[in-house]
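A.B. asks: Pasting the sequence and the predicted coordinates here, then a few questions.
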Amino acid sequence: MNEKTFEYLLRLADDRLILGHRLSELCAHAPILEEDIALANIGLDCIGQAKFLYEVAAELEGKNRTPDDIVYFREAIAYKNLLLVEQPNGDFAQTIVRQFLYDSFGILLFDKLQNSSFVPLAGIAQKAVKEIRYHYRHSSQWLLRLGDGTEESHQRTQEALNNLWKFTDEIFLSDETENLLTEEGIAVRSSSLKEEWLKIVTELITKATLSIPESGVKVYKGGREGKHSEHLGHLLAEMQIVARSYPEIQW
Amino acid sequence: MVEITSHTVESIRELLSTIKDPEVPAISIVELGIVRDVQLWENVVTIIITPTYSGCPAMKMIEDEIRSVLTKNGFSMIAIKTIFSPAWTTDWISEPAKLKLKNYGIAPPQSIVQSPLLQIEILKIVCPNCNSNDTKLKSEFGSTSCKSFYYCHSCSQPFEYFKPF
């Protein structure tokens, strides 16, 4: 069971880390100062949550690895994050839509995880859900403003939605690990969150005068098994280069 | 060098009370509520702390500070343990500490109001400088994870608000 819990914690942590890293790329590049500060703050929360999850996972694993070891010395295939969170920042609309699609899921997931029978995870979730509520408010407010804003902002946001929607199926695919851990009271079956998530995003997207793209035939998945889009490799290369070039370096 | 045997859990708490939050130097880490427990067993001291915001980069600095203060006071066996549950909340900041925040120029956090998951109540925040109600939220995200950014129309000054959390 410990092995499965480790795997589950890794998934949660990788989602938060990769999304946080994407946001960190925008530090000093956001459209306005307040937004720069906001995105950096949100990114920091995500990376902080990831760090806690890696710490708990590492302790469970018992191999004396630190969060840094896990983050800097793993290949893309060992990363278990969702494809959605590794998608590039694109324009501001794409950054916001990606954030919104994740936050609306994250808020439901971490709310439920507060009741996890695995106490350290429950504690991390108690903190995380409070933070994601602020993130969700930020991304959902922007979605409304961009969708119901100018002709160009509307068009770009719709394009971002069209581009990213195909990655949302994967969020709600539950596998054996998740099912087993849910029965143990440790995890939350993500498929059980889909209905509520769809209700939330449909309402917001409609309110933003945008439309939900039609689902395609192909299901984009594989993140949980380490099969990623080409983007993750580039992200990791940049994130890991210093630690790999100077493995013993201390800040 | 202070004799270790002269220390009690209470006196260690007092030592920790001299450590200020590096990002909000108006209050100590004890007043902030992040020191959850102090344990003393022979000459081994264990400090149990809990993080504030996940993204707070001050936590590492706080740990270093704790270690340094205790070392200076004669301890050589120091363990700092982080616990995640129960999760820290701004409700643990004591009332006198909230007043110190206000005097420092940061609007203190209001008590947590339970609200639906997808909503956060935006309340009127009183300006810590002129006590006016005529304030406006400028950005939910401020100079640190724990603060949002406000503007006071009455005294025309920006100020920070410690987010209820």
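C.D. replies: Alright, I've got the coordinates.
A.B. asks: got the buried residues for the helix or strand containing A:H138?
C.D. replies: Using DSSP states H and E, A:H138 sits in helix A:119-147. Within helix A:119-147, the residues scored as buried using 16 or more other Cβ atoms under 10 Å in any protein chain shown are A:120-140, A:142-144, A:146-147. The C-beta positions use only the backbone N, C-alpha and C, and glycine is treated the same way.
A.B. asks: Which strand or helix spans the closest residue to A:H29 other than its chain neighbours?
C.D. replies: Using Cβ to Cβ, 6 or more residues apart in numbering or on different chains and skipping the chain neighbours, the partner closest in space to A:H29 is A:D36 (7.4 Å). Using DSSP H and E, A:D36 sits within helix A:33-61.
A.B. asks: just to revisit the earlier point, what angle do helix A:33-61 and the helix holding A:H138 make with each other?
C.D. replies: 150 degrees (axes from the mean of the first three to the mean of the last three Cα atoms, to 10 degrees).
A.B. asks: What's the first helix or strand after helix A:119-147?
C.D. replies: helix A:151-164.
A.B. asks: Just the buried positions in that following helix, please.
C.D. replies: Residues of helix A:151-164 classed as buried: A:S153, A:H154, A:R156, A:T157, A:Q158, A:E159, A:A160, A:L161, A:N163, A:L164 (neighbour count, 16+ other Cβ under 10 Å).
A.B. asks: re the thing from before, mind listing what's buried along the helix holding A:D36?
C.D. replies: A:35-58, A:60-61.
A.B. asks: swap in stretch B:21-37?
C.D. replies: B:21-24, B:26-35.
A.B. asks: What of stretch A:67-87?
C.D. replies: Neighbour-count burial for stretch A:67-87 flags A:67, A:70-72, A:74, A:76, A:79-87 (criterion: 16+ other Cβ under 10 Å).
A.B. asks: near chain A, which residues of chain B?
C.D. replies: B:51, B:53-57, B:82-88, B:117-118, B:120, B:138-143, B:145, B:149, B:163, B:165 (Cβ under 8 Å from any Cβ of the partner chain).
A.B. asks: Please list only the buried members of those.
C.D. replies: Applying 16+ other Cβ under 10 Å to the residues of chain B next to chain A flags B:51, B:53-56, B:82-85, B:87-88, B:120, B:139-142, B:145, B:149, B:163, B:165 as buried.
A.B. asks: re earlier: show me what the helix holding A:H138 is packed up against.
C.D. replies: helix A:33-61, helix A:92-113, helix A:151-164, helix A:194-207 (3 or more Cβ pairs under 8 Å, 6 or more residues apart in numbering or on different chains; DSSP states H and E).
A.B. asks: any idea of the mean pLDDT in it?
C.D. replies: Average pLDDT, helix A:119-147: 96.
A.B. asks: Could you list the low-pLDDT ranges of the chain?
C.D. replies: No chain in the question, so chain A it is. By pLDDT under 70, chain A has no low-scoring segment.
A.B. asks: My question was about chain B, not that one.
C.D. replies: Low-confidence segments of chain B (pLDDT under 70): B:1-5.
A.B. asks: Now the residue nearest in space to the middle of it: closest residue in space, sequence neighbours ignored.
C.D. replies: Centrality entry for chain B: nearest residue to the mean C-alpha point is B:L32, 3.2 Å, by Cα atoms, centre = their mean. Spatial nearest neighbour of B:L32, excluding adjacent residues (Cβ to Cβ, 6+ apart): B:D21 at 5.5 Å.
A.B. asks: Could you double-check that that neighbour lies in contact with B:A58?
C.D. replies: Yes. Contact criterion Cβ atoms under 8 Å: B:D21 and B:A58 qualify, at 6.5 Å.
A.B. asks: Show me what from the stretch 101-250 of chain A comes close to chain B.
C.D. replies: A:107-108, A:111, A:119-120, A:122-124, A:126-131, A:133-134, A:136-138, A:140, A:200.
A.B. asks: B:T46 belongs to a strand?
C.D. replies: Yes. Remark: B:T46 belongs to a strand, assigned using DSSP: H, G, I helix; E, B strand; the rest coil.
A.B. asks: which residues of chain B fall in helices?
C.D. replies: B:9-16, B:29-32, B:58-72, B:95-104 (DSSP state H).
A.B. asks: Grab the nearest non-local neighbour of A:Q158.
C.D. replies: A:L210 (5.4 Å).
A.B. asks: thinking that neighbour is in contact with A:R156, fair?
C.D. replies: No. The criterion here is Cβ under 8 Å, and A:L210 misses it with A:R156 at 10.7 Å.
A.B. asks: related to what we said a few turns ago, can you get me a residue count around the residue nearest to A:Q158?
C.D. replies: Around A:L210 there are 21 other residues, counting by other Cβ atoms under 10 Å in any protein chain shown.
A.B. asks: next one: A:K199
C.D. replies: Neighbour tally, A:K199, other Cβ under 10 Å: 11.
A.B. asks: how far away is it from A:A13?
C.D. replies: Distance from A:K199 to A:A13, counting by Cβ to Cβ, to the nearest Å: 28 Å.
A.B. asks: What of B:I83?
C.D. replies: 18 Å.
A.B. asks: Can you show me the strands along chain B?
C.D. replies: B:35-41, B:44-49, B:77-82, B:106-107, B:135-139, B:147-152, B:157-162 (DSSP state E).
A.B. asks: Mean neighbour count, these: which tops it?
C.D. replies: strand B:106-107 (a mean of 22; mean count of other Cβ atoms under 10 Å in any protein chain shown).
A.B. asks: which secondary structure elements does that one contact?
C.D. replies: strand B:157-162.
A.B. asks: Let me see the domain layout of chain B.
C.D. replies: B:4-82, B:95-162 (automatic domain parsing).
A.B. asks: got a list of what whatever residue of the stretch 51-200 of chain A ends up closest to chain B touches?
C.D. replies: Per Cβ to the nearest Cβ, A:G123 is where the stretch 51-200 of chain A lies closest to chain B, at 2.8 Å. Applying Cβ atoms under 8 Å, 6 or more residues apart in numbering or on different chains to A:G123 gives the contacts B:I83, B:F84, B:S85, B:P86, B:A87.
A.B. asks: Quick one: those as CSV, columns for distance to A:L19 too.
C.D. replies: Shown next, in CSV, are those (distance: Cβ to Cβ, whole Å):
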residue, distance to A:L19
B:I83, 26
B:F84, 20
B:S85, 24
B:P86, 26
B:A87, 21
